[in-house]
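Colleague: Need coordinates for the following:
(3 chains)
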Amino acid sequence: MKTYYSVLRLRLKIGLQYRTAAWAGIATQFFFGIIQIMVFEAFYQHSAHTPPISLKELITYLWLQQAFLAFIMLWFRDNELFNLITSGNIAYELCRPAGIYGYWFARLLSQRLSSAFLRCFPILLIAFCIPEPHRMTLPPSWTSFVLFLSALVLGLLVLVAISMFIYISVFVTMSPAGSTLIFAVVGEFFSGIIIPIPLMPEWLQKVTGWLPFHLTADFPFRVYSGHIPPPEAAMGVLAQIIWLVLLVGTGMFALKKVLRRVVVQGG
Amino acid sequence: MNLYFKYFRMLLNSQMQYRASFWLLCIGQFFTPFVMFAGMYFLFERFGQIKGWDFFEVALCFAVIHMAFSICECLARGFDSFSNLVIKGEFDRILVRPRSTVLQILGSNIEFTRVGRLMQSAIVLIWAVRNIAVDWDFFKLTTLFFMVTGGVFIFTGIFILAAAMCFWTVQGLEVANVFTDGGKEMAQYPLNIYQKWIIRFFTYVIPFGCVNYLPLLYILGKSNGGSDLLYMMMPAAGILFILPCLAVWHFGVRHYRSTGS
Amino acid sequence: MIKVEGLGKSFKVAKRTEGLRQSVRSLFHREYTTVQALKDISFSIEPGEIVGYIGPNGAGKSTTIKIMSGILVPDQGSCSIMGYTPWKERVAYVKNIGVVFGQRSQLWWDVPVIDSFELLRDIYKVAPQDYKQNVELLVETLHLQDILYSPVRQLSLGQRMRCEIAASLIHSPQILFLDEPTIGLDAVSKLAVRQFIKTINKEKGITVILTTHDMNDIEALANRVILIGRGSLLFDGNLNELRSKFGTQKTIVADYQQNVNPIQIPNASIVSWTPERAILNVDTNKAVISEVITQLSDQLELIDVSIEGKPIEEIVLQLYKEYQI
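Modeller: Numbers count the residues shown, from 1 in each chain, chains lettered A, B, ... in the order given. Presented below is the predicted three-dimensional model:
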């Protein structure tokens, strides 16, 4: 645990070194947020039916997406790990005392945590301060907020567990860019980053329900805005835990498999 | 030009060395705008229109900007990935060669996998052109062609600006995404759905509106009595946009040569 | 051919920060320091010379090379190479020079070497006959026949360096800048590279300027060395001069018939002494070697005497120390 903590601290320090990068990132994400909001605003303006999610809730949803981008994006990549795998230097990594799945998991987790830590507060601050109608709202109740926090953390863990499969798949494809791209395209669509899940057609919403992706981004954000009421949210948190166990289990198994292959080949 | 083709062939040869990865990336590149387009389709399914624009009109907008973007990402990738070149110190190498830096950077990287992306937007373009309520004639098709061309120049210009930034700092390049990815994201819808400040910025500063929204008004016959010729000529602004960008680039090269960082 | 006068260059460097709190503060404010990379450097080089440009890391070697190859613009001073000012007429000037950065590659990683050569032919607009002739010559002298058609990623470091040097000679430059050409090479490859540099210098009369940390390179190649430290020129002359100026310490090893009495030699310090062998240090500024040996033979029944100068490697190290660079 202590190793993991020091990895995180180091990451945070590295992240802070790049001050221009931090400002640039915040500006970029603010811009993306505002553009998306305007597009939906335009759609909502002459809408014949009442959409299944109100514009107010949607705006909050979109700001949360930007603030916690590092928690939900699958194209976040760790090139060092990729190089390790494709160059065959993975053998050194096998010598470490910590289990490789746990170590990589912590590494990926800390990257996302440090990145989000640096960015979420400024973006949230801006989102709460800008004039109506684009301002972000507070959650409807303390219960919603607490549930949101736990859903966000669990969502992050689920996401890291999913992203572990990107690295595992690189053992097979040997193409980091290819693997990341395919995962990112599929995953981001089904997690509601392209369009929010409530705005998808019924049949597609059902499909996303059966996949774990919506638990990483869509679910926590709708809990926050109260679009998913607390009792239902509690069930969702349970689903997150089940998925997490499932994903980590299969991930560990798959990693062991591919590593064995590397060792046999002599890497 | 001759030299550029040489670079082109060489890069194609290089990339074909990793066939599996190449195809995987092509497919991925095909689906990236595909899911965005699908998202747009679903939104129209639910809402029907966006500020009076119907699905095929917006699809045309989408196709033009995505085509321009994919062509640019393919051919001007050298500028897009310029930070790597600078970090590795490879720019010194370029300076000791008797050719223009712009040509050498263009030749340093061409991303052929973007063809997947181009395919997708080409399909959308054809689909939109055939279904849209427009009587296509020679002038309108020519305008369409120049819309894409102008778009390519704008994106290239932005890439060049971002690359020039590398001479001062390689951090914070992400901000260029506001104009490349952000510009693409924004310009896939007609410009008038946004607020005034965005419309102004993307018409007069970075002229996305000139290669997309304004000529589109002419093609759709929505120009409301404005001079057709003027609207048709708008994409030229996109092409001219690259000139100040090149000036900034040369300024950046000068800075690099005096600081070496 | 090359005339450098009063060259100076300084850089601004951001101060590094330590600790988390300082890092946060540096988000808003950052301090800079100025580093003087070059101070008043002057020298001139004649056509056909091989010049070794040496100095410890950070002394300003690569800054000089970068200025001379037209990459960097200096703050002060002038530089005229073949009538050009490198940083002013870049495109016209660089046609006449070849540059090898030992740590970086100009060859394309995934395609055969010959393809890289052909691309360079087009970049430098080399006439077809000239190109053919040049490649033939290079292939022969560098023994590239077997590797010309393999992708660069399959070559060993030594093979690659040979190809790198060949690549920078395709346009028949008159000056060749080599920045650490033997770095990371094994002994055999080093010899091959040195041999080749010698050959092209002799046969084509190319002026060679090389930086290196390996003094054997200098000993094998350069009749002239320029030593630079902390941005200043410290020594410019040939190797023997350097040796006679700084390598005045000689070591004498004498073997003799058993002799129990310790010897007494004025002007020499005894490093070690046994009844069969003595090792002495002599400073040639203070004593004459032959006199020391005469005294030795007077006092002992000598069997064998050997005199060794300090290896150039050590002389340079000693210089670095002396100048505190």
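
Colleague: Give me the distance from the longest helix anywhere in chain A to the chain's centre.
Modeller: Taking DSSP state H as the criterion, chain A has its longest helix at helix A:230-265. Remark: helix A:230-265 is offset 15 Å from the chain centroid, using Cα atoms, centre = their mean, to the nearest Å.

Colleague: can you check stretch B:111-119 too?
Modeller: From the chain centre to the centre of stretch B:111-119 is a distance of 13 Å (Cα atoms, centre = their mean).

Colleague: give me the low-pLDDT residue ranges for the stretch 1-150 of chain B?
Modeller: The stretch 1-150 of chain B contains no residues with pLDDT under 70.

Colleague: which bits of it sit near chain C?
Modeller: B:2-3, B:6-7, B:10, B:13-15, B:17-18, B:88-90, B:92-93, B:95-100, B:104 (Cβ under 8 Å from any Cβ of the partner chain). Every residue, glycine included, has its C-beta placed from N, CA and C.

Colleague: Sitting in helices, which of the residues you listed do you find?
Modeller: The helices, defined by DSSP H, take in B:2-3, B:6-7, B:10, B:13-15, B:90, B:92-93, B:95, B:104 from the residues of the stretch 1-150 of chain B next to chain C.

Colleague: Mind splitting chain C into its structural domains?
Modeller: By the assignment in automatic domain parsing, chain C contains the domains C:2-243, C:248-309.

Colleague: got the contact list for the residue nearest to B:Gln195 when sequence neighbours are not counted?
Modeller: In space, and not counting its chain neighbours, B:Gln195 is closest to A:Met38: 6.3 Å by Cβ to Cβ, 6 or more residues apart in numbering or on different chains. For A:Met38, the contact set (Cβ atoms under 8 Å, 6 or more residues apart in numbering or on different chains) comprises B:Ile193, B:Tyr194, B:Gln195, B:Ile198.

Colleague: repeat that for 10 Å
Modeller: A:His134, B:Met186, B:Tyr189, B:Ile193, B:Tyr194, B:Gln195, B:Ile198 (Cβ atoms under 10 Å, 6 or more residues apart in numbering or on different chains).

Colleague: got TSV for those, with distance to C:Val260, pLDDT and neighbour count too?
Modeller: Below are those laid out as TSV (distance: Cβ to Cβ, whole Å; pLDDT from 0 to 100; neighbours: other Cβ atoms under 10 Å in any protein chain shown):
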residue	distance to C:Val260	pLDDT	neighbour count
A:His134	101	85	16
B:Met186	98	90	27
B:Tyr189	104	93	24
B:Ile193	107	92	21
B:Tyr194	103	93	23
B:Gln195	104	90	11
B:Ile198	101	90	17
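
Colleague: mind listing which of those are in helices?
Modeller: B:Met186, B:Ile198.

Colleague: I'd like to know which of the contacts of A:Met38 is nearest to chain C.
Modeller: Using Cβ to the nearest Cβ, A:His134 is the member of the contacts of A:Met38 that lies nearest chain C, at 26.6 Å.

Colleague: The closest residue to that closest one other than its chain neighbours: how many residues sit nearby?
Modeller: Closest residue to A:His134 apart from its sequence neighbours, by Cβ to Cβ, 6+ apart: A:Ile37 at 5.6 Å. Using other Cβ atoms under 10 Å in any protein chain shown, A:Ile37 has 20 other residues around it.

Colleague: same deal with C:Gly231?
Modeller: 23.

Colleague: ok, now which ones touch it?
Modeller: Applying Cβ under 10 Å, 6+ apart, we find C:Gly231 in contact with C:7-10, C:35-41, C:55, C:58-60, C:63-64, C:325.

Colleague: who touches residue 115 in this structure?
Modeller: I'll assume chain A. Contacts for A:Ser115 (Cβ under 10 Å, 6+ apart) come out as A:Arg11, A:Leu12, A:Gly15, A:Ala22, A:Gly25, A:Leu69, A:Ala70, A:Phe71, A:Met73, A:Phe76.

Colleague: Chain C was what I was after
Modeller: C:Asp115 makes contacts with B:Lys6, B:Arg9, B:Met10, B:Asn13, B:Ser14, C:Leu107, C:Trp108, C:Leu148, C:Tyr149, C:Pro151, C:Val152, as judged by Cβ under 10 Å, 6+ apart.

Colleague: any idea which helix or strand comes after the helix or strand hosting it?
Modeller: Following DSSP states H and E, one finds C:Asp115 within helix C:113-124. The first helix or strand that comes after helix C:113-124 along the chain, using DSSP H and E, is helix C:128-142.

Colleague: can you pull the buried residues of that following helix?
Modeller: By neighbour count on 16 or more other Cβ atoms under 10 Å in any protein chain shown, the buried set for helix C:128-142 is C:Tyr131, C:Asn134, C:Val135, C:Leu137, C:Leu138, C:Val139, C:Thr141, C:Leu142.
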